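> Quick one, fold the following:
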Amino acid sequence: MHVKKIHIINYRGIEDLTVDFHKGVNLIIGNNGTGKSSLLSGLGLVLESLLWGMIEGKSRQLTRDEVRTVPTLVGS
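Numbering: from 1, shown residues only. Predicted coordinates for the structure are as follows:
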């Protein structure tokens, strides 16, 4: 299997991210706190859900701390 692209929205510290992967080796480089681990965790979550879905017909649910929440002030 070859993962061509991942699009992550509101997962951990990631607001909105799209990454295109290429065949072969892909390097993920960045400063601390830029989302490298969150990107890999999100990719792992998708692959894990696919695997569990094929094996047992179910998928893993996100936990509250994995979902990025942003307080929004409504009304004035």
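
> E15 versus F21, what's the distance?
The gap separating F21 from E15 is 20 Å, by C-beta to C-beta, to the nearest Å. For glycine as for every other residue, the C-beta is placed from the backbone atoms N, C-alpha and C.

> Tell me where this structure has helices.
With DSSP state H as the definition, the chain shows helices at residue ranges 36-56.

> Tell me the buried residues in stretch 26-41?
For stretch 26-41, the neighbour count (16 or more other C-beta atoms under 10 Å) marks G35, S38, L39, S41 as buried.

> how about that stretch as CSV, C-alpha atoms only?
What follows is stretch 26-41, C-alpha atoms only, in CSV (Å, rounded to 0.1, in the frame of the first residue of the first chain):
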residue,chain,number,x,y,z
ASN,A,26,9.7,10.7,3.0
LEU,A,27,11.4,12.9,5.6
ILE,A,28,9.4,14.8,8.2
ILE,A,29,11.6,17.6,9.5
GLY,A,30,10.6,20.6,11.7
ASN,A,31,11.2,22.4,14.9
ASN,A,32,9.8,21.2,18.3
GLY,A,33,6.0,21.7,18.6
THR,A,34,5.3,22.0,14.8
GLY,A,35,3.2,18.8,14.6
LYS,A,36,5.6,16.1,13.4
SER,A,37,4.4,13.6,16.0
SER,A,38,0.8,14.6,15.6
LEU,A,39,1.1,14.0,11.8
LEU,A,40,2.5,10.5,12.4
SER,A,41,0.0,9.8,15.1
